[in-house]
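> 3D, please:
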Amino acid sequence: MCVCDSETEDNSCFFFRHLKDLLESQGRVVTFMSDRSNGLLGSFNKVLPGHPHLFCYMHLSANLMNRYGGVSATVKNAVMNKFFELAYASSPAQYRLHLRKLREIGDAKIIDDFLKDMPLENWCRAFFPGSRYGIMANSMAESFNAWFAEEREMPAYGMLDQTRIKLMNQMGERRDEAQLWTTPLTPKMQDRLKERMDVASQFNVVYSTTNIYKVRGKYSHVVDLGICSCTCRKWEIECFPCSHALAAIQAASKDVYAFVDPYYFADYCKKCYDVPLFPLCNADMASTESANDEFVHLLM
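Okay, here's the model as predicted:
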């Protein structure tokens, strides 16, 4: 996934064309996320029409709130909460339910006008066609911007050098930390798997045909292990088995880890830090500067 910040259309086109050459040579399809600025939208549609494009939920919610000037905080909070449920809806049925409630509490005219130019596949989980791994906002880019906020005020060389130093230290610390992991998945995802396995143990699973199971809890869902899908849609959205899927996998006596996307495994994460950033020595610069100073002195 690639996170894009605001840019002019010309600059964005220049960036996307180079990125397109790189992706096409590798045969890759990448999911992009942006703040939906005009420059990015125009250039993306021109250069990378075959790659999925997400709109950042946080930017969308902020734009929606701008339409409620003078409205009480109570109403704004209610609209925010309902828009959250709408954007995070996992199925078309949930989307229709939350949209109806949002239009009731947030003024249907305002909501309809806000949503009219936004294709559902770009912002609602239930309709997104690609792999988004549960990500809804470009918080990664915002965190990185905040992480090197001081360095951004430095001259170009100082900014690059100091950022390299911070990255070198961070990668070293994370590489050492990752070496202590003992679980097949990263610790966070291993905990998530355990939580969902506990929920899965409460379901009743009924076999239908090859790879097809009916999983019954409060509601019934259909799991297809052949295409890694569940009617709750969370498996496809997160690229990680939902509780219904885990119940079906165990009923089929299959390996749970065989159905987890490789990006969630500890070994895959460790590969991010296999190639360290090495320190750069600048001791030679001192002698060079001294020689230059002596040469200048002789000329004077």
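> what number of residues lie near Asp261?
By other Cβ atoms under 10 Å, 15 other residues sit near Asp261. No exception for glycine: its C-beta is placed from N, CA and C like everyone else's.
> from what I see, it and Phe240 are in contact.
Yes. The criterion here is Cβ atoms under 8 Å, and Asp261 meets it with Phe240 at 6.4 Å.
> joint contacts of the two?
Listed contacts common to Asp261 and Phe240 are Tyr133; contacts here mean Cβ atoms under 8 Å, 6 or more residues apart in numbering.
> which of the three states applies to the residue nearest the centre of the chain?
With distances taken as Cα atoms, centre = their mean, Ile135 lies nearest the centre of the chain, 3.6 Å away. With DSSP: H, G, I helix; E, B strand; the rest coil as the basis, Ile135 sits in coil.
> low-confidence regions, the chain specifically.
For the chain, the stretches with pLDDT under 70 are 1-20, 22-24, 26-29, 37-50, 284-300.
> swap the cut-off to 50 and go again
1, 3, 8-9, 295-296, 298 (pLDDT under 50).
> domain ranges for it, per the record?
What automatic domain parsing lists as the domains of the chain is 2-125, 148-180, 187-267.
> now the helices: where do they sit in the stretch 51-200 of the chain?
Per DSSP state H, counting those that start in this stretch, the stretch 51-200 of the chain carries helices over the ranges 57-65, 73-87, 92-106, 108-115, 139-147, 156-178, 187-200.
> ok, which of the ones you listed comes nearest Met33?
Closest to Met33 of the helices of the stretch 51-200 of the chain is helix 139-147 (Cβ to Cβ; 8.4 Å).
> quick one: that closest one to helix 57-65, angle?
Going by axes from the mean of the first three to the mean of the last three Cα atoms, to 10 degrees, helix 139-147 is angled at 90 degrees with respect to helix 57-65.
> list the buried residues in helix 139-147.
Burial within helix 139-147, assessed by neighbour count using 16 or more other Cβ atoms under 10 Å, is assigned to Ala141.
> off-centre distance for it?
Counting by Cα atoms, centre = their mean, to the nearest Å, helix 139-147 is centred 13 Å from the centre of its parent chain.
> now the residue nearest to the centre of the chain: how far from Pro276?
Per Cβ to Cβ, to the nearest Å, Ile135 is found 27 Å from Pro276.
> just Ser139 next, same as before
26 Å.
> Gln162 too?
Distance, Gln162 to Pro276, using Cβ to Cβ: 18 Å.
> before we move on, the earlier item: so which of the domains of the chain comes closest to Ala283?
Taking Cβ to Cβ, domain 148-180 is the member of the domains of the chain nearest to Ala283, at 15.1 Å.
> residues in contact with Trp235?
By Cβ under 8 Å, 6+ apart, the residues touching Trp235 are Cys228, Ser229, Pro241, Cys242, His244, Ala245.
> quick check: which element contains the fifth one?
In other words, His244. helix 243-251 (DSSP states H and E).
> which residues touch the helix or strand just after that helix?
The C-terminal neighbour of helix 243-251 among helices and strands, as given by DSSP H and E, is helix 266-271. Defining contact as Cβ under 8 Å, 6+ apart, one finds that helix 266-271 is touched by Arg175, Ala178, Gln179, Trp181, Thr183, Pro184, Leu185, Thr186, Pro262, Tyr263.
> burial count for the second one?
Going back to what we said before, that points to Ala178. Ala178 is flanked by 17 other residues according to other Cβ under 10 Å.
> isn't it right up against Asp274?
No. In this structure, Ala178 is not within contact of Asp274 by Cβ under 8 Å, at 10.2 Å.
> distance of Glu121 from Phe114?
Going from Glu121 to Phe114 by Cβ to Cβ gives 17 Å.
> over to Thr182?
Distance of Thr182 to Phe114, given as Cβ to Cβ: 48 Å.
> of the two, who's got more company?
Taking other Cβ under 10 Å, Thr182 and Phe114 do not tie; Phe114 has more neighbours (17 against 7).
> returning to that earlier point: looking at the contacts of Trp235, which is nearest His59?
Closest to His59, out of all of the contacts of Trp235 and judged by Cβ to Cβ, is Cys242, at 27.6 Å.
> and the closest one, how far from Phe259?
The value you get for Cys242 to Phe259, if Cβ to Cβ is used, is 11 Å.
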